[in-house]
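**Q** what's the 3D shape of this:
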Amino acid sequence: MSRTFRNIPYRKRNRSARIDHETKISIQNKALSAYYSETDINERISKTGIFGNYRGFVAIIIIGLFLTSCVSKKVLLEEQGKSKQCFENLTECQDRYKNLENQKRDLNNLNKDLSNKIFNLEIQLANEQNKVTLLEQQLEYFKSTNTNLLDRLADLSVVSKAGAESIRKSLDALNEQNRYIKDLTSSIRHRDSLNLVLVMNLKRSLGEIGDDDINIEIRKGVVYISISDKMLFKSGSAEISSRAEIVLGKIAKVLNDHPQLEILVEGHTDSVPISTSCLADNWDLSVKRATSVVRLLQTKHGIAPERMTAGGRSEYIPRDTNETPEGRQVNRRTEIIILPELDQFFQLLEPQEELGQVN
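**A** Below you'll find the model as predicted:
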C-alpha cells in the first residue's frame, strides 16, 4: 500500500545553508511518516519489511541530532553567560563580605576603647561626687553652727561689750578652725593620692618578682616596701647580692621621681641569736643590713643621702611567730619606708597653736 506525501513547509531557526531545496522537501516528507498511526506503520512493515524503509528512520535520527546540536549550542552559550555572571556576583559578594568583616573588627575595637574610657570616666565621676558630698556635709555643719551661735546671740537681751567681743572671737576661731580642717583634709588627700601613685608605680616596676620575696603596702598613711632577706643577703651576712642590686635599682628609679619624699630603711631579724667575728648580735646584723641598702641607693643610684635614714630593729618587731621556720623567714626582712616631708606637717600644726592662744 503506497501513499503520496504532499509537501508541507518545514521551518526551523538557524537551518544549515548547505542543504538545498530538494533535500529539505525530502526530509520533510520523511519526517511526516513519523506521525502516522501505529497500525499504518505495522501494515507497511508487513508488506515491505522492516528494512524496506530504514532510510526514513535514518533521516528522522539525523534531523533530531541536527536540532539537538543547534539547541544545545545555544543553551550552552546561555549557561556559560549565566555562569560567568554568577561568578562575578560571587566575587563581588566575597569582596563585600571582607569589607564588612573589616568594618566589624574596627567597630569592635572602637567599642572596646569607648568602654574603657567610659569606665575611667565613671570612676573619676564617682570620686568627684564623693568629694562634693564631703564638702557639702562640712558646709552644712558650719552653717548650722554659725546659725546656732547667731540665734543664741539674738536671744540675749543684754550683751556686754566684753561678751560680744568674746562671741566675735569665738566665731573667728571657728572660721579659722574650718580653714585648718580644710587644709589638713586637702593635705591628707594629697598624701593618699601620692601613696597610691607610688604603690602603682612600684608594683608595675617589680611585677615580675613574686609576692613571697617583696611586698608593697600602705600602713599608717605611708608606703612600706618589705624585701625578704633571701633576696637581699646571704644568711648571716650584710653583703647585697647581684639580684638584689637589680631590684633596688628599680625601686630607686621610682624614688628619684619624687625627690620631696623622705626614706627610712629598717633592718629586721628573727629571734635566732648570732655571734661572729664581724657581728655581735641581731642588733648589729639589722643595722649593717640597713646601712648596706642605704649606701647602695646613694652610691649607685644617686639618691641624696640627706633624704635617707638607716636603722636596725633587731628581732623585736616581728611580723609572724618565731616558733616556726616559715614564721622566722617572714621576720627576716628589710623594709624601705617612704615618708612625706615632715616640715609640711609641722606647718599644718601652726594654725592649731594660734587657735589655742585665741581660746
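**Q** who's in contact with residue 274?
**A** Residues near residue 274 by CB atoms under 8 Å, 6 or more residues apart in numbering: 236, 281-282, 285. C-beta coordinates here come from the backbone N, C-alpha and C atoms, glycine included.
**Q** residue contacts, the residue lying closest to residue 321 once chain neighbours are set aside?
**A** Among residues not flanking residue 321 along the chain, residue 327 sits closest, at 4.0 Å (CB to CB, 6 or more residues apart in numbering). If a contact means CB under 8 Å, 6+ apart, then residue 327 has 318, 320-321 as its contacts.
**Q** quick one: which of those residues is nearest residue 95?
**A** Among these, residue 320 lies closest to residue 95 (CB to CB), at 67.3 Å.
**Q** three-state assignment of the closest one?
**A** For residue 320, the assignment made with DSSP: H, G, I helix; E, B strand; the rest coil gives coil.
**Q** and it, how many neighbours does it have?
**A** Neighbours of residue 320 under the rule other CB atoms under 10 Å: 13.
**Q** isn't it up against residue 326?
**A** Yes - applying CB atoms under 8 Å as the test, residue 320 and residue 326 come out as touching, 7.4 Å apart.
**Q** longest helix of the chain?
**A** Using DSSP state H to define each element, the chain has its longest helix at helix 54-155.
**Q** and the next helix or strand past it?
**A** Using DSSP states H and E, the helix or strand that follows helix 54-155 towards the C-terminus is helix 161-205.
**Q** between that next one and helix 54-155, how many degrees?
**A** Angle, helix 161-205 to helix 54-155, by axes from the mean of the first three to the mean of the last three CA atoms, to 10 degrees: 150 degrees.
**Q** can I get whichever helix or strand comes after helix 161-205 in PDB, CA atoms only?
**A** Using DSSP H and E, the helix or strand that follows helix 161-205 towards the C-terminus is strand 214-219. Provided in PDB are the C-alpha atoms of strand 214-219 (Å, rounded to 0.1, in the frame of the first residue of the first chain):
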ATOM      1  CA  ILE A 214      58.700  41.500  98.100                       C
ATOM      2  CA  ASN A 215      55.600  43.100  99.500                       C
ATOM      3  CA  ILE A 216      54.300  46.600  98.900                       C
ATOM      4  CA  GLU A 217      51.500  48.100 101.000                       C
ATOM      5  CA  ILE A 218      50.300  51.200 102.700                       C
ATOM      6  CA  ARG A 219      50.300  51.200 106.500                       C
END
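**Q** now strand 214-219: buried residues?
**A** 214, 216 (16 or more other CB atoms under 10 Å).
**Q** would you mind listing the buried residues in the next helix or strand along the chain from it?
**A** Next in sequence after strand 214-219, counting helices and strands by DSSP H and E, comes strand 222-228. By 16+ other CB under 10 Å, the buried positions in strand 222-228 come out as 222-228.
**Q** same check on stretch 326-339?
**A** Buried residues in stretch 326-339 (16+ other CB under 10 Å): 328, 330-338.
**Q** distance between the ends of that stretch?
**A** End-to-end distance of stretch 326-339 (CA to CA, to the nearest Å): 30 Å.
**Q** who does the residue nearest to residue 239 when sequence neighbours are not counted bridge with?
**A** Closest residue to residue 239 apart from its sequence neighbours, by CB to CB, 6+ apart: residue 233 at 6.4 Å. In this entry, residue 233 is beta-bridged to residue 240, by DSSP bridges.
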